[in-house]
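Asks: From the sequence below, what's the structure:
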Amino acid sequence: MKFWFAGLGLVAMMGAAPLLDAVAQTNLGAVVTERREGLKAAGENMTAVAAVARAGGDPRETVQRITAIQAWFATMGTRFPTGTQQGAPGLDTRALPAIWTDRAGFDAALTALGPRLVALREAAASGNVANFQAAVQATGAACGDCHRPFRAR
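Replies: Predicted structure coming up:
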């Protein structure tokens, strides 16, 4: 009788394997969707910040956008679990495998962005247009340091 129940349990588990795979894939899909939407929002905020810098406008109006970018990037490193790279089955992402094969480089690029965002927010809050414009350029360069090696075009 015990063997029969064990066999029944094994059959049930084998039948559940595709379901468990689908659940895991859905969770990875949700991670990628959240990551993509967050990056899109951060990009839109940075585009708006850069537009103010190019126009020589009042940088103080960008502080809220910069704060939102900072909040997003505070957790950015956790948004790349294994299996969420470009080419992973069923996932729509531009995250290159280099994120996982050169994790130290990826983490260093993210770490370098933090102080640039702090300086950008401080320059914006000061209202000094020249300092703000320089900080926008420096922050943009830090963004590119991550985009070039770790994001597909």
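Asks: which residues of the chain fall in helices?
Replies: Ranges of helices in the chain, per DSSP state H, are 2-55, 63-74, 98-101, 103-126, 129-150.
Asks: Give me the distance from the shortest one to the chain's centre.
Replies: This points to helix 98-101. In terms of C-alpha atoms, centre = their mean, to the nearest Å, the centre of helix 98-101 is found 14 Å from the chain centre.
Asks: same check, this time on stretch 50-58
Replies: With C-alpha atoms, centre = their mean, you get 25 Å for stretch 50-58.
Asks: what mean pLDDT would you report for it?
Replies: Here stretch 50-58 scores 98 as its mean pLDDT.
Asks: ok, now stretch 98-108?
Replies: Throughout stretch 98-108, pLDDT has a mean value of 96.
Asks: and the end-to-end length of that stretch?
Replies: 13 Å (C-alpha to C-alpha, to the nearest Å).
Asks: Buried residues, it. List them.
Replies: Ala98, Ile99, Trp100, Phe106 (16 or more other C-beta atoms under 10 Å). Yep, even glycine has a C-beta here, placed from its N, CA and C like the rest.
Asks: can you check stretch 62-81 too?
Replies: Buried, per 16+ other C-beta under 10 Å, within stretch 62-81: Thr62, Val63, Arg65, Ile66, Ile69, Gln70, Trp72, Phe73, Met76, Arg79, Phe80.
Asks: contacts for that stretch?
Replies: With contact meaning C-beta atoms under 8 Å, 6 or more residues apart in numbering, stretch 62-81 is reached by 28, 31, 34-35, 38-39, 41-42, 45-46, 48-49, 52, 95, 99-100, 106-107, 110, 113-114, 117-118, 120-121, 124-125, 132.
Asks: Go through the helices of the chain and name the closest to Ala88.
Replies: helix 2-55 (7.2 Å; C-beta to C-beta).
Asks: Tell me the buried residues within the contacts of stretch 62-81.
Replies: 28, 31, 35, 38-39, 42, 45-46, 49, 52, 95, 99-100, 106, 110, 113, 117, 120-121, 124, 132.
Asks: State the distance from Ile69 to Leu120.
Replies: From Ile69 across to Leu120, the span is 8 Å (C-beta to C-beta, to the nearest Å).
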